[in-house]
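**Student:** structure, please.
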Amino acid sequence: MMMRRWLIGLPLVACFAVLPAAGGADDAAVEPVPPPGFIALFNGKDLTGWKGLGHVDPAKYGALSPEKRKALDEKNRAAFIKHWRAEKGELVNDGKGPYATTTKDYGDFELWIEYKTVPKADSGIYLRGMPQVQIWDTTKEGGKWHHGADKGSGGLWNNQGKGHLPLVFADRPFGQWNLLKIKMVGDRVTVYLNDKLVVDDAALENYWNRKKPPYATGPIQLQTHGGEIRWRYIFLREIPREQQASPPQEPN
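**Tutor:** Below you'll find the predicted structure:
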């Protein structure tokens, strides 16, 4: 399959001029500088712009009374601060606590994000509050080959149809950074992991209600599930709704 430049919005050479290559050596803490058209969701210094929220249907969360929502947010806030921290330009979770959740909701977007995890960990990225782009321990020792972990990360694991497992294995070894580039327009999701196409324009199924389409807007959530995971260079570009029908641009 041919690489599609429309996913990243810039030629690949321009991408790597602003975003360090995945798998490189750790950098000193620096303020993240997003590519043109993108914003930094994580400022590299603190938890501004994020809150704690667990595996919760956004529709049910939104339907809570203001009093109940405030109480839930306060409970999650204490656990969020306990289990998440900013460290040397990285957003770090110890494997416990609520998910890091953007305080803002998003519709159509491109998301670039790097992560590094450890053996036995299991994580993912919720799109508009819906699970999820999967992140695995892909080794046999991780104990999840029966769930498809041997096929690699990046798939829409909660899909029952297309996109459930990645098209190719693209994970880097433990200790190295992995780079995800995710585009979601309408219900369609395309994912590159370390510049390999792993999900090709698949419809994200609404895990919370499979009889309905995905929510039109919702937060980005970084899942926690049993092992330390580190995130950095979390950049997002919002895509205006009127652009969603633009045809993909193939490289020459």
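**Student:** from now on I want contacts and neighbour counts done on CA atoms only, so please keep to that.
**Tutor:** Fine.
**Student:** for the chain, which segments are assigned as strands?
**Tutor:** With DSSP state E as the criterion, the chain has strands at 39-40, 50-53, 84-87, 90-93, 99-102, 109-117, 123-127, 130-135, 178-185, 188-193, 196-203, 221-222, 229-238.
**Student:** how far does the fourth one sit from its chain's centre?
**Tutor:** Computed by C-alpha atoms, centre = their mean, to the nearest Å, the chain-centroid distance of strand 90-93 equals 14 Å.
**Student:** strands paired with that strand, and their directions?
**Tutor:** strand 84-87 (antiparallel), strand 229-238 (antiparallel) (DSSP bridges).
**Student:** returning to what we had before: can I get the strands of the chain in CSV with distance to residue 214?
**Tutor:** CSV is the format used below for the strands of the chain (distance: least, C-alpha to C-alpha, whole Å):
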stretch, distance to residue 214
strand 39-40, 24
strand 50-53, 19
strand 84-87, 28
strand 90-93, 27
strand 99-102, 18
strand 109-117, 14
strand 123-127, 9
strand 130-135, 8
strand 178-185, 11
strand 188-193, 10
strand 196-203, 9
strand 221-222, 15
strand 229-238, 17
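**Student:** now render those strands as CSV, adding mean neighbour count.
**Tutor:** Formatted as CSV, those follow (neighbours: other C-alpha atoms under 10 Å):
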stretch, mean neighbour count
strand 39-40, 19
strand 50-53, 23
strand 84-87, 18
strand 90-93, 24
strand 99-102, 25
strand 109-117, 23
strand 123-127, 24
strand 130-135, 25
strand 178-185, 24
strand 188-193, 23
strand 196-203, 20
strand 221-222, 26
strand 229-238, 22
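**Student:** which one of those lies nearest to residue 74?
**Tutor:** Comparing the strands of the chain against residue 74 with C-alpha to C-alpha, the closest turns out to be strand 50-53 (9.1 Å).
**Student:** now for the closest one, which elements pack on it?
**Tutor:** helix 66-83, strand 99-102 (3 or more C-alpha pairs under 8 Å, 6 or more residues apart in numbering; DSSP states H and E).
**Student:** what's around residue 209, how many residues?
**Tutor:** Residues near residue 209, counting by other C-alpha atoms under 10 Å, number 11.
**Student:** could we number from 576 for the rest of this?
**Tutor:** Right, with 576 as the first residue, what we last looked at is residue 784.
**Student:** what would the strands of the chain look like in TSV with distance to residue 787 and mean pLDDT?
**Tutor:** Converted to TSV, the strands of the chain look like this (distance: least, C-alpha to C-alpha, whole Å; pLDDT from 0 to 100):
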stretch	distance to residue 787	mean pLDDT
strand 614-615	30	98
strand 625-628	23	97
strand 659-662	33	96
strand 665-668	32	97
strand 674-677	23	98
strand 684-692	21	97
strand 698-702	16	96
strand 705-710	12	96
strand 753-760	16	98
strand 763-768	14	98
strand 771-778	12	98
strand 796-797	21	98
strand 804-813	23	97
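**Student:** quick one: closest of these to residue 788.
**Tutor:** strand 771-778 (9.1 Å).
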